[in-house]
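> predicted model and sequence follow; I will ask about them next.
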Amino acid sequence: MQRNPQQESSAAEFDVERLKADLSTLRQAAGLEPPFGREDVRAHLAVAASGAVALVWALLPTGLPAQWGTVPLILVGVGYVTWMRTKYRRNSGRSPTRRREYTSEIVGMFVVAALALVYRLWAGKLGISTTIAGSAGMFVFGLAMLIPVLRDRNRLPDLGVAVPLMVCGLVIPFCPVSLWVILGATFMIGGLATASIMAHCLKVADATHAPH
């Protein structure tokens, strides 16, 4: 059965995409190409904007719960990872390295949420205040994100989130302002810092691979 020109064109485009993905995978495995792209930069800018919304919401006298301001932040985080995992699904021909990265992030979200619930119940049983337990948890989470950076230079953008989280965890018990103000500021700064580091890494990678 012969294929029409449109089918042949689509097949050729798919082969080209797969070839690009294979080359990208090899470069990423060799540490020559970052496991993220321009869309990740834009996503972290959206996280920064959502953090700013949470910050402003907590400062405004709305009469509504301050934690409601974090809803855009949650939606952006979950929506971004889910959309990217769908984009890099197995039959797309796109980078399997990126696919594994987003899959691990989705799994990580569920694991962190489950562990956070267990930690909250444990702290409550011991009579530890939510503020102290939360600040300690954020510091430890930031520290955990810092460790992969020391082993893999491609994880350098994690510094953008890890350091603000650790600082946030240390500051919360001593800061007189609302917890939600500090959280909003943390994710605003973390999103901007991560986006900046990613953009710099991508710029360096483009310059390295550019023909001389």
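Ah, there it is. Worth saying up front: this structure is predicted, and the values here are computed from it rather than measured.
> and stretch 144-157, which residues are buried?
For stretch 144-157, a neighbour-count test (16 or more other C-beta atoms under 10 Å) marks 145, 146, 149, 154, 155, 156, 157 as buried. Where you see a C-beta, it was placed from the backbone N, CA and C, and this is true even at glycine.
> hang on, isn't the last one packed against residue 202?
No: applying C-beta atoms under 8 Å, one finds residue 157 not in contact with residue 202, separated by 10.0 Å.
> intersection of neighbour lists for those two?
Both residue 157 and residue 202 are contacted by residue 36, under the criterion C-beta atoms under 8 Å, 6 or more residues apart in numbering.
> helices or strands up against the host helix or strand of residue 116?
Under the criterion of DSSP states H and E, residue 116 resides in helix 96-125. When contacts are defined as 3 or more C-beta pairs under 8 Å, 6 or more residues apart in numbering; DSSP states H and E, helix 96-125 sits against helix 5-29, helix 71-87, helix 130-151.
> closest one of the buried residues of stretch 144-157 to residue 35?
residue 154 (5.6 Å; C-beta to C-beta).
> got the contact list for residue 140?
If you count contacts by C-beta under 8 Å, 6+ apart, then residue 140 has residue 169 around it.
> try residue 81
102, 105, 106, 109.
> what number of residues lie near the second one?
Around residue 105 sit 15 other residues, with neighbours defined as other C-beta atoms under 10 Å.
> where does the chain dip in pLDDT?
Across the chain, residues meeting the criterion (pLDDT under 70) sit at 1-33, 89-97, 208-212.
> hey, what's the angle from the strand or helix carrying residue 159 to helix 130-151? Just curious.
For residue 159, the host element (DSSP H and E) is helix 159-171. Calculated by axes from the mean of the first three to the mean of the last three C-alpha atoms, to 10 degrees, helix 159-171 forms an angle of 150 degrees with helix 130-151.
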